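> Mind looking at a prediction? Sequence and model below.
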Amino acid sequence: MRVRCVLHAVGLVLATAVLHGCADNRASLPDADPGSKASQDLRVQRGDFRRTVLLTGELEAVIGYPIIVPRSESWQVPVRWMLDDGSTVEKGDKVFELDTTQVIGDVAQKRIAADTALSELHQKEADIAVQLADKRFAVNQAAVAYEKARLKASVPKELVDRRGFQEAALEAERAKVSHENAVADYEAAREASDREIEILRIGLDKARRDIAQAERALETMILRAPRSGIFVLGQHPWEGRKLQLGDSVWVGMEIAEVPDLSEMMITAKLSDVDDGKITPGMRVNCTVDAYPDTTVGGTIREIGPMAQEERGSTLRRHFKVLIDLDRSDPAIMRPGMSVLVEVEAATDEDVLLVPRAALEFELDRSPRVRLSDGGVADVRLGPCNASACVVLEGLEEGQRLRARG
């Protein structure tokens, strides 16, 4: 038992010595290994600082071939069928079917109206034929009466008494006037009937034109691709989304397009708080979010003159920015793709720079950095970009820093 206790005590002493030695070795190590992440050239140094402004935007085609709702009697019409957004189409392919219920109803009503107009025309022609026949008969009777009276008045006055001769002449004059009146009445009736028939024919022609127009409108309810390419659905004007089945569209509305992918541009948004930081003509670097390894240069063409409200927000405003790209890649660029735009706003030369990886930011206190010796320094910063900030106070050139934990 005594031997066992001695051995146990010796083991405890040896273990304590080993642990103490390990602790001493760990304490003697430097704060940061020169090859570790905490000391990978994190130093304060002088250099040129490039001021940048980041914008978000989306690709658009410079030239697009729109698909527009055609004219019809219905101001609004629902979408019954449409091609999937982004589909490849050939010229003449069907891309939309608009609801034809109301148009078919219009065609039926116009056909009824045309049939009614034709019936009225035939009825009026029959009535007028009877009226003119009666008036022609009256003219013939008046002509016969006039001829009789004229023959009676042509008897020499030596063969009849004076009174009889005068009465015959007066009767002939009355018959002549009656004949002339009958002829005038017939001509007036014929001219009036011609006008009535013409009016009815015009109404019938209009009804037939209305039928033809409605039938053409029925045909145009099927919309086709104006050219080969990519089919791009339009946006709902106030829902902030792509058009969907059942949405109502109206005459003249652009509901889709087939863009020319050979030349693209970017429409970006500049927050109103950044107004004045960029100007037309500045160079930009654009990265399509779907292809982060591909960067394309460009130039700011135009900045909108007025700030616009963000959809669904009354507090945030932005200016519309149009950007021309140096080149387009139809193989990967599609309208509507989101793009990150980095604007090269200005360059400050020979300024003191601190890496952002060494900075610590907290609410209600100044930014600070951790020095390589374990100390902490408060700093006053100028502008920053994605990798560094300009140091105004608190650090000196060449100081080594530790990355924030």
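Okay, I see it.
> make it CA atoms for all contacts and neighbour counts henceforth
Noted.
> now for the helix or strand encompassing Leu204, which elements pack on it?
Taking DSSP states H and E as the criterion, Leu204 maps to helix 162-220. Counting contacts by 3 or more C-alpha pairs under 8 Å, 6 or more residues apart in numbering; DSSP states H and E, helix 162-220 is packed against helix 101-153.
> now with 10 Å?
Secondary-structure packing of helix 162-220 (3 or more C-alpha pairs under 10 Å, 6 or more residues apart in numbering; DSSP states H and E): strand 94-98, helix 101-153.
> And the ones you listed, which one averages the lowest pLDDT?
Ranked on mean pLDDT, the bottom entry among those is helix 101-153, at a mean of 89.
> chain center to that one: distance?
56 Å (C-alpha atoms, centre = their mean, to the nearest Å).
> what do you get for stretch 282-293?
With C-alpha atoms, centre = their mean, you get 24 Å for stretch 282-293.
> Give me the mean pLDDT for that stretch.
93.
> how near is Arg216 to Lys94?
As judged by C-alpha to C-alpha, to the nearest Å, Arg216 and Lys94 stand 16 Å apart.
> ok so, going back, partner strands of the helix or strand just after the helix holding Leu204 and their direction?
Per DSSP H and E, the first helix or strand lying C-terminal to helix 162-220 is strand 222-224. Note on strand 222-224: by DSSP bridges, its sheet partners are strand 94-98 (antiparallel).
> Buried ones in the partner strand, by neighbour count?
94-98 (16 or more other C-alpha atoms under 10 Å).
> ok, now stretch 108-115?
Of the residues in stretch 108-115, those buried by neighbour count under the rule 16+ other C-alpha under 10 Å are 110-111, 113-114.
> For those residues, give me a markdown table that also has distance to Ile104.
Shown next, in a markdown table, are these (distance: C-alpha to C-alpha, whole Å):
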| residue | distance to Ile104 |
| --- | --- |
| Lys110 | 10 |
| Arg111 | 11 |
| Ala113 | 14 |
| Ala114 | 15 |
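> Pick the one among these closest to Gly336.
Comparing those against Gly336 with C-alpha to C-alpha picks out Lys110 as the nearest, at 43.5 Å.
> Can you verify my assumption that the closest one contacts Ala212?
Yes: in this structure Lys110 lies within contact range of Ala212 using C-alpha atoms under 10 Å: 9.4 Å.
> between those two, what contacts are shared?
Shared contacts of Lys110 and Ala212 (C-alpha atoms under 10 Å, 6 or more residues apart in numbering): Lys206.
> right, so the helices and strands packed on helix 162-220: which one is the most enclosed?
Neighbour counts (mean count of other C-alpha atoms under 10 Å) averaged over each of the helices and strands packed on helix 162-220 peak at strand 94-98, with a mean of 20.
> relative orientation of that strand and helix 162-220 in degrees?
Relative orientation of strand 94-98 and helix 162-220, computed by axes from the mean of the first three to the mean of the last three C-alpha atoms, to 10 degrees: 120 degrees.
> circling back: now the helix holding Leu204 and helix 101-153, what's the angle there?
170 degrees.
> Return the helix or strand in the protein with minimum mean pLDDT.
Across the helices and strands of the chain, mean confidence by mean pLDDT, DSSP states H and E is lowest for helix 2-27: a mean of 37.
> which element follows that helix toward the C-terminus?
Using DSSP H and E, the next helix or strand after helix 2-27 towards the C-terminus is strand 45-61.
> can you give me how far the helix or strand following that next one is from the chain middle?
Next helix or strand after strand 45-61 toward the C-terminus (DSSP H and E): strand 64-68. For strand 64-68, the separation from the chain centroid amounts to 10 Å (computed by C-alpha atoms, centre = their mean).
> residues contacting Val296?
Val296 makes contact with 284-288, 325-329, 341, according to C-alpha under 10 Å, 6+ apart.
> Pull the number of nearby residues for Glu180.
By other C-alpha atoms under 10 Å, 16 other residues sit near Glu180.
> surely it meets Val139?
Yes: using C-alpha under 10 Å, Glu180 is in contact with Val139, at 8.3 Å.
> where do the contact lists of those two overlap?
Tyr186.
> Stretch 221-233: which residues count as buried?
221-227, 229-233.
> returning to what we had before: could I get the contacts of Val296 as JSON lines with neighbour count and distance to Ser372?
Converted to JSON lines, those look like this (neighbours: other C-alpha atoms under 10 Å; distance: C-alpha to C-alpha, whole Å):
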{"residue": "Val284", "neighbour count": "24", "distance to Ser372": "37"}
{"residue": "Asn285", "neighbour count": "17", "distance to Ser372": "35"}
{"residue": "Cys286", "neighbour count": "25", "distance to Ser372": "37"}
{"residue": "Thr287", "neighbour count": "19", "distance to Ser372": "36"}
{"residue": "Val288", "neighbour count": "21", "distance to Ser372": "38"}
{"residue": "Leu325", "neighbour count": "21", "distance to Ser372": "44"}
{"residue": "Asp326", "neighbour count": "14", "distance to Ser372": "45"}
{"residue": "Arg327", "neighbour count": "13", "distance to Ser372": "46"}
{"residue": "Ser328", "neighbour count": "17", "distance to Ser372": "47"}
{"residue": "Asp329", "neighbour count": "12", "distance to Ser372": "47"}
{"residue": "Val341", "neighbour count": "26", "distance to Ser372": "36"}
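> Much appreciated, bye for now.
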